[in-house]
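Visitor: Sequence plus predicted model, see below.
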Amino acid sequence: MIQAADFVRAARDLGWSLWTGTPCSYLAPFINHVMADPGLGYLPASNEGEAVAIAAGAELAGRRGIALFQNSGLGNAVNPLTSLAHTHRIPVLLIVTLRGEPGGPADEPQHGLMGGITTALLDLMQIRWEFFPHEPEAIHPCLARARAHLDEAGLPYALVMRKDAVAPCPAPPAPAARPVGAPPPAADSATATATRRDYLAAIQARAGERDLLVATTGYTGRELYALADRPNQFYLVGAMGCASSVGLGLALARPDLNVTVLDGDGAALMRLGALAAIGYLRPPNLLHVVLDNGQHESTGGQATVSPSTDLAAVAAACGYPHTARCLAPEALAAQFAAPRTRLGFIQAAVQPGVPDGLPRPRISPAEVAQRLRRHIQSLGAPA
């Protein structure tokens with residue numbers, strides 16, 4: 001059994017400074033210790049996949065993160081691990097508990113199947129793993145192996161934690177509740193005439209080198225690329241619904257830069273819980289834009305449920321201090337160009353439609369990620 005403080009200290013010495021995830025009783029000592037450390041801070045995610053995406057966003061900005069969660073939630077992380085971390089070559093350290101281990105301590109029935117397949121599932125996802133260290137002298141070598149793999153392969157590495165690996169640690173006081181805002185006035189989206197391209201062009205025309213644009217998967221990233229391919233733009237491929245969590249990681253890791261997430265209504269709905277985590281953490285340099293056309297347009301135009309879901313009101317209820325709706329690119333451009341003093345959410349009504357001959361990016365997802373890293377590094381360290 002080890003002390004949480006010993007592992008956290010070794011991880012910090014080797015470059016990990018961001019912790020995010022979802023709870024498990026096995027992980028309680030870590031979460032309690034990190035929450036009590038003002039030099040670290042624990043970022044609560046709404047689900048395991050969001051934790052992976054938050055850590056991935058932070059890594060792109062130069063801050064290594066650890067995503068920790070229970071193995072029963074590993075399924076929630078499969079999509080961002082395979083579509084985001086693997087596809088874009090983003091290294092994230094995982095700590096996954098082994099509830100329901102065959103031959104191990106008795107556990108709840110819901111852990112029975114996952115306990116027997118956790119390590120096989122990691123193997124299937126081509127994620128190298130080892131068991132979490134149980135002795136203090138094993139901590140540094142374990143983390144050194146993990147860091148070497150992250151650096152060399154650019155892929156995730158998992159530590160599989162058995163019961164009683166870490167000694168208990170008292171919980172810090174619960175954080176104070178944060179007030180939520182009022183939703184913006186309603187707007188008649190039926191009067192919207194602008195296309196997704198119109199909105200993207202308006203933002204891109206005003207974006208400088210210190211503006212980071214994160215475009216959701218599908219036509220949004222492709223249209224942004226077609227307008228002009230720039231090193232400050234990240235085109236998410238796959239990992240639908242994770243763009244806002246990637247943006248959150250970027251914004252928290254680089255508070256000196258402006259981060260804008262260009263989301264879609266279908267993607268936002270797919271991981272709606274991400275809004276709660278973003279609204280709680282409230283980075284003032286993050287602007288979350290949802291281009292809402294009521295469709296999953298890149299898969300054939302199937303309708304989403306956004307016409308009966310007030311996304312701006314949801315964001316306000318989740319703690320976004322500034323929410324607005326807009327029907328014209330000029331209105332969105334004005335919001336984008338305004339000084340960033342508080343977290344913002346903009347719901348932009350969009351007419352369906354795709355430009356003829358829309359190209360796919362010729363630069364690979366891994367190259368997009370590496371280029372963004374280099375761009376952020378070229379801007380220098382935060383003041």
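Guide: Nice, thanks for sending it over.

Visitor: so which helix or strand takes in the nearest residue in space to Val314 that is not next to it in sequence?
Guide: Using Cβ to Cβ, 6 or more residues apart in numbering and skipping residues adjacent in sequence, the residue nearest Val314 is Leu275, 6.2 Å away. Quick note: C-beta positions are derived from backbone N, CA and C, even for glycine. Per DSSP states H and E, Leu275 falls inside helix 274-281.

Visitor: list the buried ones in that helix?
Guide: 274-279, 281 (16 or more other Cβ atoms under 10 Å).

Visitor: Same check on stretch 37-44?
Guide: 37, 40, 42-44.

Visitor: try stretch 357-367
Guide: 361, 365.

Visitor: average model confidence for that stretch?
Guide: Mean pLDDT, stretch 357-367: 94.

Visitor: Same check on stretch 100-113?
Guide: For stretch 100-113, the per-residue pLDDT averages 88.

Visitor: Just the CA coordinates for that stretch, please, in CSV.
Guide: C-alpha atoms of stretch 100-113 as CSV (Å, rounded to 0.1, in the frame of the first residue of the first chain):
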residue,chain,number,x,y,z
GLY,A,100,-14.8,-7.2,-10.0
GLU,A,101,-11.4,-8.7,-10.5
PRO,A,102,-11.7,-12.5,-11.0
GLY,A,103,-10.6,-14.2,-7.9
GLY,A,104,-10.4,-10.9,-6.1
PRO,A,105,-12.5,-9.4,-3.3
ALA,A,106,-16.3,-9.7,-3.6
ASP,A,107,-17.9,-6.8,-5.4
GLU,A,108,-21.2,-5.5,-6.7
PRO,A,109,-22.8,-7.5,-9.5
GLN,A,110,-22.4,-4.7,-12.1
HIS,A,111,-18.6,-5.1,-11.9
GLY,A,112,-18.6,-8.9,-12.7
LEU,A,113,-18.3,-8.7,-16.5
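
Visitor: What are the contacting residues of that stretch?
Guide: Identification of contacts with stretch 100-113 by Cβ atoms under 8 Å, 6 or more residues apart in numbering yields 71-72, 98-99, 114-116, 162-163.

Visitor: Could you pick out the buried ones from these?
Guide: Buried members of those, scored by 16+ other Cβ under 10 Å, are 71-72, 98-99, 114-115.

Visitor: The helix holding Leu275 packs against which elements?
Guide: With contacts defined as 3 or more Cβ pairs under 8 Å, 6 or more residues apart in numbering; DSSP states H and E, the packing partners of helix 274-281 are strand 42-44, helix 48-60, helix 243-253, strand 286-292, helix 311-317.
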